[in-house]
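Student: Just need the structure, nothing else, for what follows:
(one chain, ligands or ions: 1)
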Amino acid sequence: MNQISIYERFVHKAIEEVKEMMNNCGDFEEEQNTCKSSANVQLQMEVGRSSYLDTVKMLVNFLDNKDEYTKRHCERVTKHAVSIGRALDLNDVDLFNLEFASLLHDIGKLAVPDQILNKEGKLTTKEYEIVKLHPIAGYDIIKDISFLEVSRDILLQHHERIDGTGYPLGLNDEKIDIKSKILAVADAYDAMTNSRPYRKDGLSMEQAICQLEHCRGSQFDENIVDTFIGLLKSGDAA
Ligand SMILES: [Fe+2]
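Tutor: Coordinates of the predicted model:
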């Protein structure tokens, strides 16, 4: 069996686990329809968002069993991404989709074998190719959940680079959603400033800012980097 076949088997296993979990957590659509009959629109929105968030958090909890770092990482990335989104005046719908995409951006790592995810040494080329499939796996895992329709596209693009050398699609600047560009910056910053199996200590905030500045205009959107650095330096980043 080749590496891709092994990977596909893991993706299908993860999808089946998520479907089973969704079946066990009740009729979500029915709950939403009940909300629609309420006279209090604000309450509807809050109840709706809260229900959606509960569902997303249950999905993220799956990661906890597999890899505690990834779950904590997703939570920190979400705070950074939403802070950047607010600073850039994204509307409420965009912030909603960005928040859920950020929480779920690495859900596809459910499909990456543990021995690769937790490897202390350098990944082989084949292992790295498997890790690089996680945005597609994440998209596949949530593709049938209707309220994540926009978030799944944001998630799919979170490793694209504005110079077109990212993955999985190699999109360039104008083809990448601004929300994915925000997620990419928040994701990279958190990965740099925290320890990983292959790197004991994370970078300091100042060192990570230098890295972001270095990749500004090639990997990352210039305005988003500037906005985030401004938030970090003023202490307003989450
Ligand atoms: Fe990722």
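Student: drop to CA atoms for contacts and neighbour counts, all remaining ones
Tutor: Fine.
Student: Quick one: low-confidence residue ranges for the chain.
Tutor: Counting by pLDDT under 70, the chain contains low-confidence residues at 1-49, 64-68, 197-199, 238.
Student: residue closest to the middle of it?
Tutor: In the chain, the centroid-proximal residue (C-alpha atoms, centre = their mean) is His105; its distance is 1.8 Å.
Student: List the contacts of that one.
Tutor: Residues in contact with His105 (C-alpha atoms under 8 Å, 6 or more residues apart in numbering) are Cys74, Pro135, Gly138, Leu155, Leu156, His158.
Student: any chance of those residues in TSV, plus neighbour count?
Tutor: Listed next are the contacts of His105 as TSV, based on neighbours: other C-alpha atoms under 10 Å:
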residue	neighbour count
Cys74	22
Pro135	25
Gly138	25
Leu155	30
Leu156	25
His158	26
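Student: give me phi/psi at the residue nearest to the centre of the chain?
Tutor: Taking degrees, to the nearest 10, you get phi -60, psi -30 for the backbone angles of His105.
Student: Check which helix or strand Ala101 maps to.
Tutor: helix 92-104 (DSSP states H and E).
Student: Which residues outside that helix are in contact with it?
Tutor: Taking C-alpha under 8 Å, 6+ apart as the rule, helix 92-104 contacts 53, 56-57, 59-60, 74-75, 77-78, 81-82, 85-86, 138, 148, 150-152, 154-155, 179-180, 183.
Student: could you flag which of these are buried?
Tutor: 53, 56-57, 59-60, 74-75, 77-78, 81-82, 85, 138, 148, 150-152, 154-155, 179-180, 183 (16 or more other C-alpha atoms under 10 Å).
Student: Narrow those to those in helices?
Tutor: When these are checked against helices (DSSP state H), the matches are 53, 56-57, 59-60, 74-75, 77-78, 81-82, 85, 138, 150-152, 154-155, 179-180, 183.
Student: would you turn the contacts of His105 into CSV with distance to Thr125?
Tutor: Converted to CSV, the contacts of His105 look like this (distance: C-alpha to C-alpha, whole Å):
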residue, distance to Thr125
Cys74, 25
Pro135, 18
Gly138, 21
Leu155, 23
Leu156, 21
His158, 21
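Student: from those residues, which two are the most distant?
Tutor: Cys74 and Leu156 (14.8 Å; C-alpha to C-alpha).
Student: so who does Ile142 touch?
Tutor: By C-alpha under 8 Å, 6+ apart, the residues touching Ile142 are Leu148, Arg152.
Student: now the helix or strand Lys126 falls within, how far from the chain's geometric center?
Tutor: Using DSSP H and E, Lys126 sits in helix 125-131. Offset of helix 125-131 from its chain centre (C-alpha atoms, centre = their mean, to the nearest Å): 19 Å.
Student: Who are the packing partners of that helix?
Tutor: In this structure, helix 125-131 makes packing contacts with helix 3-24, helix 114-117, judged by 3 or more C-alpha pairs under 8 Å, 6 or more residues apart in numbering; DSSP states H and E.
Student: hey, C-alpha coordinates of the helix or strand hosting Cys210 in CSV?
Tutor: Using DSSP H and E, Cys210 maps to helix 205-215. Extracted C-alpha coordinates of helix 205-215, given in CSV (Å, rounded to 0.1, in the frame of the first residue of the first chain):
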residue,chain,number,x,y,z
MET,A,205,7.7,37.6,20.4
GLU,A,206,10.5,39.8,19.0
GLN,A,207,12.1,36.9,17.2
ALA,A,208,8.8,35.9,15.7
ILE,A,209,8.1,39.4,14.6
CYS,A,210,11.4,39.4,12.7
GLN,A,211,10.4,36.2,11.0
LEU,A,212,7.0,37.7,10.0
GLU,A,213,8.7,40.8,8.6
HIS,A,214,11.2,38.6,6.7
CYS,A,215,8.3,36.7,5.0
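Student: Run through the neighbouring helices and strands of the helix or strand just after that helix.
Tutor: Downstream of helix 205-215, the next assigned helix or strand under DSSP H and E is helix 222-234. Here helix 222-234 touches helix 68-87, helix 178-192, helix 205-215, going by 3+ C-alpha pairs under 8 Å, 6+ apart.
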